[in-house]
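Q: here is a sequence together with a model predicted from it:
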Amino acid sequence: MAEESAARCHTSALQDINTVLQRFEHEGMSFLTITLPSFGKSFEEALDLGVTSSGLFPGFRFGTRRTAWLPRFLGGFTSQVFDPSSGYLLDEPNYDAILAVRQLTLMFGKIHLPCSDVRVRRAYNSYVECEHEVRMNDDRLSEDDYSDFRRMSNMLFGQSFEAIDQKVFDRELIMPKHGPGSTADKLRGNAKYRQRDWPVRLQEIFPWEEFLAPNSSFVSEMQESVNLVEPEAEMPVSVISVPKTLKTPRIIAMEPTCMMFMQQALNATILDELRKVYHLNRFMDTRHQEPNQLMAMRGSREGSLATLDLSEASDRVSNRLVEAMFVDYPHLLWAVDATRSRKADVPGYGVMPLAKYASMGSGLCFTVEAMVFLTLAFLGIERSLGSRFSPQDLERFVGEVRVYGDDIIVPVHCVSMVIDSLEHFGAKVNAGKSFWTGKFRESCGKEFYNGEDVSIVRVRREFPSSPKDAREVISIIELRNQFYKTGYWSVVKWLDSEIRDVIRHFPDVLPSSPLHGRVTFLGYTVEKMHATLHSPLVKGYMEVSQSPVNTLDDLDALLKFFLERGEYPLFDPKHLERSGRPVAVDIKPRYASPF
């Protein structure tokens, strides 16, 4: 990668390669996964500021007198972006050099490897500290703050909230279905349809008779098996860590099955109504990232739009703030509160009450946080302009404001007040991933500089040593194909040889092929024709996985049939025998279509 990047930029990377080899030998994997990414983040910060400084690039020595403003490492690339003698951004920096620095330093930053126990413990400590900060911020906010928030929220979402409130009252929610994810009560697949615990808080607004029974004729039969759980006996969410980076894991919370079930019903109904309001479709989304990415590209080229990212986004959304959002819609507020878990079981801390609305893992978390952040963004914009908005004023910002989860885009001239608004209400803006002063922008996984795409390819897993390392084989093939699409031909050639050392069959295929093969612009390999369909076939590796044995029958099977939605055919033929996410993934050689 370094050699090919150097060739593109007409420089040498020999010394940089030696530096990486030496430091990797002494520092180990953390050099690639923690130290190098910190260099890449410093580089992005310098791009945004338009100048380097001695406070950036920690752990790397700066150059000699002529290059005193740039680190020695990757100096052949950074000198094509910044003036070595002053540190200021060049008038016409080399886009290939920008991409090279980011690719070389950031590509191992999110590899799926377990964090050390110390870092996991530190992440749990941060989760608990965040909870204390949410409580403190709740007490600090005034009634005027909540009133302003409620006013702006009603201006944005009032029309939708009225319709949802009526649907909750009329009991016309979109029927939920169980998802594939893990839950706090450890029910998987078909077992979720057999669950009989139902909190009293849910029963008061969403009776189990309407959601656990296939129809009313089964209610009397199920009466004795359903367990109504009092609030004090409710199961807490289970807080766990999952891989994110080697520096810190991601902390999520697994909801009890019954809560996740009804969260999905309410979430589907909320989204259905939000999408009916034209201006909301242009301000926020929960399905498509492309609008945010296109706006980030425009912001990098024109300098008119800022991209903001939040740290611990979901964990910093206060439940009191969410209550203020829905307080004028009593049935919707009741539904949101009833489907919210109030306690969390945190490793090392035990069960604790929650001041946050919900952690990542809740079926409502992503939608609710997006609505909260959009409201706070418009509060900041309103304050920056110095006058209260009317509903008509919102239309002026179509194409200038958009929220996808915690990825926020706002006009640059309002960004300081938007940040103040977000942080005043408890959010925490991630300065290292928020950009507005230079020509670099990032949103929803895409990065741009002056309108040019400088997004990188990331290594997600360690390389495989045999075909038995199925996930690693799939990952390295995906890595190879991503590099091919970005034009790193030498890297692709090297990866091809690495892959062929592990697996026997590695044919040329199109991206739509069910086989894991070499994607090329030159067509596909044909080895034989199908005996009856007379279509091309080629031998390659196909992912083979089998869901665990998890049988379902009687009224629970009937409930699953009524709850499933989608086009025919609805089910795998053996869906009542096996269900849930596969415990293991395997790959097998098969003849299949190359396209």
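A: Structure received.
Q: how is this structure divided into domains?
A: As assigned by automatic domain parsing, the chain contains the domains 2-109, 119-185+235-382+390-449, 470-592.
Q: run the chain-centre distance for the shortest one.
A: Right, domain 2-109. Relative to its parent chain, domain 2-109 has a centroid offset of 27 Å by C-alpha atoms, centre = their mean, to the nearest Å.
Q: just the endpoints, please. Distance across it?
A: Distance between the two ends of domain 2-109: 17 Å, counting by C-alpha to C-alpha, to the nearest Å.
Q: and the longest one, by the same measure?
A: Looking at domain 119-185+235-382+390-449, the gap from its leading to its trailing residue is 33 Å under the measure C-alpha to C-alpha.
Q: quick revisit: the domains of the chain: lowest mean pLDDT?
A: Mean pLDDT is lowest for domain 470-592 among these, at a mean of 87.
Q: now that domain, how far from the centre of its chain.
A: 23 Å.
Q: for stretch 206-220, same thing?
A: On C-alpha atoms, centre = their mean, the centre of stretch 206-220 falls 35 Å from the chain's centre.
Q: hmm, who's touching it?
A: Contacts with stretch 206-220, where a contact means C-beta atoms under 8 Å, 6 or more residues apart in numbering, come from 171, 173, 175-176, 195-196, 198, 202, 222, 226, 228, 261-262, 265, 335, 338-339, 555, 558-559, 561-562. To be clear about C-beta, it is placed using only N, CA and C from the backbone, and glycine gets the same treatment.
Q: 10 Å - rerun?
A: Stretch 206-220 is contacted by residues 168, 171, 173, 175-176, 193-199, 202-203, 221-223, 225-228, 258, 261-262, 265-266, 334-335, 338-339, 554-563 when judged by C-beta atoms under 10 Å, 6 or more residues apart in numbering.
Q: hmm, back to that, which of the domains of the chain sits closest to Phe463?
A: Closest to Phe463 of those is domain 470-592 (C-beta to C-beta; 5.6 Å).
Q: ends of that closest one, what's the gap?
A: Criterion C-alpha to C-alpha; first-to-last residue distance in domain 470-592 is 18 Å.
Q: repeat for stretch 361-370
A: 15 Å.
Q: and that stretch, how far out from the chain middle?
A: On C-alpha atoms, centre = their mean, the centre of stretch 361-370 falls 12 Å from that of its chain.
Q: repeat that for stretch 346-364.
A: 18 Å.
Q: how much space between Arg316 and Arg135?
A: Per C-beta to C-beta, to the nearest Å, Arg316 is found 11 Å from Arg135.
Q: count the neighbours of Pro411 for me.
A: Counted with other C-beta atoms under 10 Å, the burial measure for Pro411 works out to 17 neighbours.
Q: skipping adjacent residues, who's closest to it in space?
A: Spatial nearest neighbour of Pro411, excluding adjacent residues (C-beta to C-beta, 6 or more residues apart in numbering): Glu400 at 4.9 Å.
Q: residue contacts, that neighbour?
A: Residues in contact with Glu400, defined by C-beta under 10 Å, 6+ apart, are 283, 295, 298-299, 304-305, 381, 409-414.
Q: filter those residues down to the buried ones.
A: 283, 295, 298-299, 305, 381, 409-412, 414 (16 or more other C-beta atoms under 10 Å).
Q: so of these, which ones are in strands?
A: Those of the buried ones among the contacts of Glu400 mapping onto strands are 305, 409-411, per DSSP state E.
Q: what's the closest of the residues you listed to Arg471?
A: Nearest to Arg471 out of those is Ile409 (C-beta to C-beta; 34.3 Å).
Q: tally of neighbours for the closest residue to Glu498 other than its chain neighbours?
A: Leaving out its chain neighbours, the residue that sits closest to Glu498 by C-beta to C-beta, 6+ apart is Phe463, at 6.6 Å. Neighbours of Phe463 under the rule other C-beta under 10 Å: 16.
Q: ok, now how distant is Phe463 from Leu515?
A: Look at Phe463 and Leu515: by C-beta to C-beta, they are 20 Å apart.
Q: repeat that for Leu173.
A: According to C-beta to C-beta, Leu173 stands 42 Å off from Leu515.
Q: between those two, who's got more neighbours?
A: Using other C-beta under 10 Å, the more surrounded residue of Leu173 and Leu515 is Leu515, with 28 against 22.
Q: which parts of the stretch 51-200 of the chain are strands?
A: Applying DSSP state E, counting those that start in this stretch to the stretch 51-200 of the chain gives strands spanning 197-199.
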